[in-house]
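A.B. asks: The following comprises the amino acid sequence and a computationally predicted model.
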Amino acid sequence: MRTMFRASLVVLAIAFAMSVSAFAADATADVFKSKCASCHGADGKGDTPAGKKMNVKDLASDDVQKQSDADLAGVIEKGKKPMPGYEGKVTKEQIDGLVKWIRTLKK
């Protein structure tokens, strides 16, 4: 009986961890869609009218990917012309999530 109870707890813990991870991914996607996609595009390539006009970088490019996580977080937080900074508009956790998402775009 104890073994079955422990096994059930392990299964529940794994399911909870996976649901939290999926929720965080969804939350990051929502932040990207609302704050970044209008210029960077849904795929991060910058192939949008605004992105082309401002000559934004492809987030998958070597130029972006070679930057440290701290550098990317700094750009998101403080901005870099023509991109505005998002300090006070998004949380530190959201910025960290965006940096992780940018890393998934690596070519």
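C.D. replies: Here it is on my side, so go on. Just so it is clear, the model here is predicted, and its values are computed rather than measured. Numbering: from 1, shown residues only.

A.B. asks: could you show me where the strands are in the protein, in order?
C.D. replies: Here the chain has its strands, by DSSP state E, at 79-80, 83-84.

A.B. asks: Give me the sheet partners of the last one and which way each runs.
C.D. replies: What that stands for is strand 83-84. strand 79-80 (antiparallel) (DSSP bridges).

A.B. asks: Quick check: mean pLDDT of the partner strand?
C.D. replies: When pLDDT is averaged over strand 79-80, the result is 94.

A.B. asks: With respect to burial, which of the strands of the chain scores highest?
C.D. replies: By mean neighbour count, with neighbours taken as mean count of other CB atoms under 10 Å, strand 83-84 ranks first of those at a mean of 14. C-betas here are computed from N, CA, C, even on glycine.

A.B. asks: Can you pull out the low-pLDDT segments for the protein?
C.D. replies: Along the chain, the model assigns pLDDT under 70 to residues 1-25, 107.

A.B. asks: Now do the same contact list for the closest residue to residue 56 other than its chain neighbours.
C.D. replies: The shortest distance from residue 56 to any non-neighbouring residue, by CB to CB, 6 or more residues apart in numbering, is to residue 46 (3.9 Å). For residue 46, the contact set (CB atoms under 8 Å, 6 or more residues apart in numbering) comprises 39, 40, 52, 55, 56, 57, 58, 59.

A.B. asks: Buried among these? Make that a ChimeraX selection.
C.D. replies: To isolate the buried ones among those in ChimeraX, judged by 16 or more other CB atoms under 10 Å, type:
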select :39,40,56,57,58,59
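
A.B. asks: would TSV of the contacts of residue 46 with distance to residue 82 be doable?
C.D. replies: Output for those, formatted as TSV (distance: CB to CB, whole Å):
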residue	distance to residue 82
39	9
40	12
52	12
55	8
56	8
57	11
58	16
59	15
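
A.B. asks: Determine which two of the contacts of residue 46 are furthest apart.
C.D. replies: Greatest spatial distance among these (CB to CB): 52 and 59, at 14.7 Å.

A.B. asks: All the helices of this structure, residue numbers only.
C.D. replies: According to DSSP state H, the chain carries its helices in the segments 2-35, 37-40, 49-54, 62-65, 69-78, 92-104.
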